[in-house]
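Enquirer: sequence plus the predicted model coming up.
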Amino acid sequence: MPPRNPYQDPDGPAQEQENTSPRGYYTSIPDLDDAVSEIVQAGTQIGSGVLDGLAGVVQSVGDAIRSRGVENKNVPFEPWRQRMDRKLKNSDQDGYLGMAVAGWIFAGGFGIAALVMFILAMVGPQAMGMLPEEHVVFPVLAACFAPMAVGFSVMGVFGVRLWGRYNRLRGYLRAVRDWTWDISAIARDTMQPQDRVREELQKATADGKIPGALVSSDGKTLYLNDALYTPPAPQPEPVLQDKPEPVPADSLRREGVDPELFTLVKNQMYGEMLADLEGVEDAAEALASAHLRGNTLADEIEALATLTVADANAALQSMLSEDRMTYVEIEPQNQ
């Protein structure tokens, strides 16, 4: 007969639950063994917490060292550029790569599950030998899985886009050869549109992704060390000149209209008036407009056809009279 375990309850289960840590048998005294086991478990938890805290401290120290490494510009350019490239890859690009991969994996899983649930929902309970109240679970699951697949698809799309943005940003840095570099040269070396290069570099410098860097105000130069940037001198305010005198219309009234120009304009207007009568709607609109002016359309066509240069000059003598002239000056609102 096997020896009886002194710690086993004769009326209870032969062993504890699986999720309970087994107690060690350090002595022959059960109470003392329980106390030692509790001390060991407490020490294990404390040690785990201490290790987690140390890991967080080490990670924070590493982040601080990397941050100071890219913020320190008192080093040769090539080592700084390599540090900046590693920072963008490890801190940003790899994270968005994981976001894209996880998004597409979950989107595919939930998408397949939603498709399967939809097919089972379309089959019907009779074909599957199920009761209707049991079969209703398939359309419910399909309606739950489909939005989750769409949401993870959006997550994957954004992950891919952001990963691509940081990949291009790293390419821009690899195309730079000094602390100051032309954006047109970066666009040429990376075979990217110059407007995209400028916009993405401006966003990266504004968001602090490339610390201590800026794009010049004219958008033509990248300064990876903002201490080298010299702001342009402020432009002097424009001096307000004396108000010009209004141009008199005496010359036009005295010399009259150029006969050749008058003939060209008259023929053009006459042709446009006849062209407006080709369509039914346009002809009706022209008849209504002439009626509202107190004339008939035939009278207006005839008046234009018989108009001469002398008639135009006589009208100018009246319209350009100095008694009917008015001077108007428009100034900007901020003055």
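Expert: In hand now; what should we look at?
Enquirer: so Ala113 sits in a strand?
Expert: No. Applying DSSP: H, G, I helix; E, B strand; the rest coil, one finds Ala113 to be helix, outside a strand.
Enquirer: distance check, it against Asp85.
Expert: Between Ala113 and Asp85 the distance, using CB to CB, to the nearest Å, works out to 40 Å. All C-beta atoms are positioned from the backbone trio N, CA, C, and that covers glycine.
Enquirer: what pLDDT does Tyr26 get?
Expert: On the pLDDT scale, Tyr26 is placed at 47.
Enquirer: now Gly156
Expert: 90.
Enquirer: ok, it - contacts?
Expert: By CB atoms under 8 Å, 6 or more residues apart in numbering, the contact list for Gly156 reads 99-104, 107.
Enquirer: repeat for Val215
Expert: Applying CB under 8 Å, 6+ apart, we find Val215 in contact with 183, 198, 201-202, 205, 221-223.
Enquirer: can you get me a residue count around Gly164?
Expert: 13 (other CB atoms under 10 Å).
Enquirer: in which helix or strand does it reside?
Expert: helix 137-175 (DSSP states H and E).
Enquirer: what's the offset of that helix from the middle of its chain?
Expert: 15 Å (CA atoms, centre = their mean, to the nearest Å).
Enquirer: and which of the contacts of Val215 is nearest to Val176?
Expert: Here the nearest of the contacts of Val215 to Val176, counting by CB to CB, is Leu222; it sits at 6.8 Å.
Enquirer: so that closest one sits in a strand?
Expert: Yes. According to three-state DSSP, Leu222 belongs to a strand.
Enquirer: mind starting the numbering at 47 from now?
Expert: With 47 as the first residue, the last one maps to Leu268.
Enquirer: that one pairs with what?
Expert: In this entry, Leu268 is beta-bridged to Trp227, Val261, by DSSP bridges.
Enquirer: stretch 131-149: which residues count as buried?
Expert: Within stretch 131-149, the residues scored as buried using 16 or more other CB atoms under 10 Å are 131, 133-134, 138-139, 142-143, 145-146, 149.
Enquirer: can you put these in JSON lines and add pLDDT and distance to Gly258?
Expert: Putting those into JSON lines (pLDDT from 0 to 100; distance: CB to CB, whole Å) gives the following:
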{"residue": "Asp131", "pLDDT": "86", "distance to Gly258": "16"}
{"residue": "Lys133", "pLDDT": "86", "distance to Gly258": "13"}
{"residue": "Leu134", "pLDDT": "85", "distance to Gly258": "14"}
{"residue": "Asp138", "pLDDT": "83", "distance to Gly258": "17"}
{"residue": "Gln139", "pLDDT": "85", "distance to Gly258": "20"}
{"residue": "Tyr142", "pLDDT": "87", "distance to Gly258": "23"}
{"residue": "Leu143", "pLDDT": "88", "distance to Gly258": "26"}
{"residue": "Met145", "pLDDT": "88", "distance to Gly258": "28"}
{"residue": "Ala146", "pLDDT": "89", "distance to Gly258": "30"}
{"residue": "Gly149", "pLDDT": "90", "distance to Gly258": "33"}
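Enquirer: any chance of CSV for those, columns secondary structure?
Expert: Shown next, in CSV, are those (three-state DSSP):
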residue, secondary structure
Asp131, helix
Lys133, helix
Leu134, helix
Asp138, helix
Gln139, helix
Tyr142, helix
Leu143, helix
Met145, helix
Ala146, helix
Gly149, helix
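Enquirer: with distance to Thr309 added, can I get the residues you listed in JSON lines?
Expert: Listed next are the buried residues of stretch 131-149 as JSON lines, based on distance: CB to CB, whole Å:
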{"residue": "Asp131", "distance to Thr309": "73"}
{"residue": "Lys133", "distance to Thr309": "75"}
{"residue": "Leu134", "distance to Thr309": "71"}
{"residue": "Asp138", "distance to Thr309": "71"}
{"residue": "Gln139", "distance to Thr309": "71"}
{"residue": "Tyr142", "distance to Thr309": "70"}
{"residue": "Leu143", "distance to Thr309": "74"}
{"residue": "Met145", "distance to Thr309": "73"}
{"residue": "Ala146", "distance to Thr309": "71"}
{"residue": "Gly149", "distance to Thr309": "72"}
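Enquirer: what is the nearest of these to Lys119?
Expert: Checking the buried residues of stretch 131-149 against Lys119 by CB to CB gives Lys133 as the nearest, at 14.2 Å.
Enquirer: show me how far stretch 157-172 is from its chain's centre.
Expert: Worked out by CA atoms, centre = their mean, stretch 157-172 lies 37 Å from the chain centre.
Enquirer: what's it in contact with?
Expert: Contacts of stretch 157-172 with the rest of the structure, by CB under 8 Å, 6+ apart, involve 174, 177-178, 180-181, 184-185, 187-188, 191-192, 194-195, 199.
Enquirer: which of those residues are buried, as a PyMOL select command?
Expert: Buried subset of those, written as a PyMOL selection, criterion 16+ other CB under 10 Å:
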select buried, resi 181+184+187+188+191+192+194+195+199
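Enquirer: give me the nearest residue to Pro277, chain neighbours excluded.
Expert: In space, and not counting its chain neighbours, Pro277 is closest to Ser263: 7.3 Å by CB to CB, 6 or more residues apart in numbering.
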